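# just coords:
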């Protein structure tokens, strides 16, 4: 029996709609940040397509969970169309192909298109010269991808279990067979490396953004009088120092540089005051202050509660892994969650009302995306703690956009692992249940239980996302250890950022006025 068309439509039509919406969102979002003067079509289009591909990859997760959950009824029995193993395998293979296609697209962007567009967006007026430079430096990234693929194909990824064949048999009995092709091994290694690389921006930007964005909405922006007073105070200090320098009979080269800096800062402060005055007199400013500020506070409260919910869910999963996982030698694989996880429970129950869980999981992904973006706008694009580009509305140059896309794609790629940790039961089996016969005092009754790895073989179907992640971790156990301890660092980063954001001075009423040097960066 083939998969009913209604089931396929219910699973894939929301994904197509989500993919189209992410494509539209990506172009609008990139259009909001690209520089109004210094921009090019190549960087804009590639950045938007890269964001759309990464977000669409995350949108596959609820489709995966829906299709495996829809195979079973609430009484724990397979539906008529899903009783045959080959039909279930067909659904799994379709999902697996979809994941590999999306992963392949992400590899294409990260190792070829983004590097090429970055080096092509140079300052040389000659298109031929920029093409040669782009091809030359892009070849380095292509070579890196080729090396990863070769290592994945020819180097055996089946590490030796701690307890020999017996340990492998336990893993296979729980999660099934891990046989795969050489191409799958290559993709496994490449995606594992990219996911680990994405953990660094995930910890820094997402960890900070989850605290800074909600707290910033709650605290609001500084008042006009307060900012005007600070600007006047700074202006007096700079003018006093400038007058003291001008009063000297002769100026050294160092004094002249300092005087030029003070003059430039006076200009920027005066420009800042003019912007403040214009904003304060604007109609929208008065509407925001009197009408929309309460909505902003309410929104901030909801986002802070959601951030705390994510924190608690990750914390509980990490504690669960300490107590009940297979240990570091197996990459802290959690075979069966024991502790109650709030996000996990919410998503499992929401799946009973289609498509509520789809909306919730997409909303959660967008929340985490905007949190990361909020931190990137504050910290800028950094390399080794040094700010390389500043990201601002209508002020981001082509190379800044491309690096922003590169960071966000790595972060979104690592979100798959983060979602699995936040909702292990939902991510592994969805809302599936299985039935078992229980004999008590000579009476046999049927008990319906949520699916887990303790279920008899063939009674539950794992999502392809969880199967791929377990395969990543099983074949390369040290990646599982890195994922686990990185989640602890992420939780610590969130707490530090939360304390910092709470005591941090409120934001300016307008976007900070950038100097000419900052505007020409990149």
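In hand now; what should we look at? Just so you know, these numbers come straight off a predicted model, no measurement behind them.

# Nearest spatial neighbour of the most centrally placed residue in the chain, chain-adjacent residues omitted?
Central residue of the chain (CA atoms, centre = their mean): residue 412, 3.1 Å from the mean position. Among residues not flanking residue 412 along the chain, residue 54 sits closest, at 4.0 Å (CB to CB, 6 or more residues apart in numbering). No exception for glycine: its C-beta is placed from N, CA and C like everyone else's.

# can you check residue 484 too?
residue 332 is the one closest to residue 484 (CB to CB, 6+ apart), at 4.3 Å.

# circling back to that earlier point, okay, and the residue nearest to the centre of the chain sits in which element?
Assigning secondary structure by DSSP states H and E places residue 412 in helix 398-422.

# And the average pLDDT for that helix is what?
Helix 398-422 carries an average pLDDT of 86.

# Point out the other helices and strands that whichever helix or strand comes after it packs with.
Sequence-wise, the next helix or strand downstream of helix 398-422 (DSSP H and E) is helix 424-429. With contacts defined as 3 or more CB pairs under 8 Å, 6 or more residues apart in numbering; DSSP states H and E, the packing partners of helix 424-429 are helix 41-69, helix 342-350, helix 398-422, helix 464-475.

# Check the offset of the third one from the chain's centre.
Put simply, helix 398-422 sits 5 Å off its chain's centre (CA atoms, centre = their mean, to the nearest Å).

# And the longest one, by the same measure?
Its chain's C-alpha centre and that of helix 41-69 lie 11 Å apart, by CA atoms, centre = their mean.

# returning to what we had before: list the contacts for the residue nearest to the centre of the chain?
54-55, 57-58, 198, 365, 369 (CB atoms under 8 Å, 6 or more residues apart in numbering).

# and it, how far is that from residue 104?
16 Å (CB to CB, to the nearest Å).

# which residue sits closest to residue 38, ignoring its sequence neighbours?
residue 397 (5.2 Å).

# That neighbour and residue 39 touch, don't they?
Yes: using CB atoms under 8 Å, residue 397 is in contact with residue 39, at 7.4 Å.

# Quick check on these two: which one has the bigger neighbour count.
Neighbour count, other CB atoms under 10 Å: between residue 397 and residue 39, residue 397 has more, with 22 against 19.

# Distance of that one relative to residue 382?
Residue 397 is 16 Å from residue 382, by CB to CB.

# and if you look at residue 266?
Residue 266 sits 29 Å away from residue 382 when distances are taken as CB to CB.

# Buried residues in stretch 36-43, which are they?
By neighbour count on 16 or more other CB atoms under 10 Å, the buried set for stretch 36-43 is 38-39, 42-43.

# hmm, back to that, enumerate every residue touching the residue nearest to residue 412.
Per CB under 8 Å, 6+ apart, neighbours of residue 54: 106, 408-409, 412-413.

# ok, of those, which come out buried?
Neighbour-count burial (16+ other CB under 10 Å) applied to the contacts of residue 54 gives 106, 408-409, 412-413.

# Could you dump those residues into CSV with distance to residue 34 added?
Shown next, in CSV, are these (distance: CB to CB, whole Å):
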residue, distance to residue 34
106, 22
408, 15
409, 17
412, 20
413, 23
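
# now, which of those residues sits nearest residue 246?
Of all those, residue 246 sits closest to residue 408, with 48.1 Å by CB to CB.

# For the closest one, which non-adjacent residue is spatially closest?
residue 51 (6.1 Å).

# Residue 468 too?
Counting by CB to CB, 6+ apart, the residue nearest residue 468 is residue 99, at 6.4 Å.

# ok, now which ones touch that neighbour?
Contacts of residue 99 (CB under 8 Å, 6+ apart): 57, 60, 64, 464-465, 468.

# State the distance from residue 185 to residue 150.
11 Å.

# To clarify, my last question referred to residue 66.
On the measure of CB to CB, residue 66 and residue 150 end up 37 Å apart.

# for residue 261, same thing?
On the measure of CB to CB, residue 261 and residue 150 end up 53 Å apart.

# Is residue 437 located within a strand, as I assumed?
Yes: counting by DSSP: H, G, I helix; E, B strand; the rest coil, residue 437 is part of a strand.

# ok, now which ones touch it?
By CB under 8 Å, 6+ apart, residue 437 lies in contact with 444-447.

# Not counting its neighbours along the chain, what's nearest residue 207?
residue 493 (3.2 Å).

# Scan the protein for its longest helix.
helix 293-324 (DSSP state H).

# distance between the ends of stretch 431-448?
End-to-end distance for stretch 431-448, by CA to CA, to the nearest Å: 12 Å.

# before we move on, back to that, can you report how many residues lie near the residue nearest to residue 408?
The number of residues near residue 51, taken as other CB under 10 Å, comes to 25.

# That one touches residue 31, doesn't it?
No: checked against CB under 8 Å, the pair residue 51 and residue 31 is beyond contact range at 11.7 Å.

# Relative to the whole chain's centre, how far out is the helix or strand where residue 216 lies?
Assigned by DSSP H and E, residue 216 belongs to helix 207-219. Remark: helix 207-219 is offset 16 Å from the chain centroid, using CA atoms, centre = their mean.

# before we move on, what about stretch 343-360?
Worked out by CA atoms, centre = their mean, stretch 343-360 lies 20 Å from the chain centre.

# Give me the contacts around that stretch.
Outside stretch 343-360, the residues touching it (CB under 8 Å, 6+ apart) are 10, 14, 18, 62, 65-66, 69, 309-310, 313, 337, 361, 364, 422-426, 430-431, 450.

# again, but for stretch 252-266
Under CB under 8 Å, 6+ apart, the answer for stretch 252-266 is 234-235, 238-239, 241-242, 245-246, 248, 251, 515.

# Please repeat the previous calculation with a cut-off of 7 Å.
With contact meaning CB atoms under 7 Å, 6 or more residues apart in numbering, stretch 252-266 is reached by 235, 238-239, 241-242, 245, 248, 251, 515.

# got it, and stretch 234-249?
Applying CB under 7 Å, 6+ apart, the set of residues contacting stretch 234-249 is 251, 255, 258-259, 262-263, 265-266, 269.
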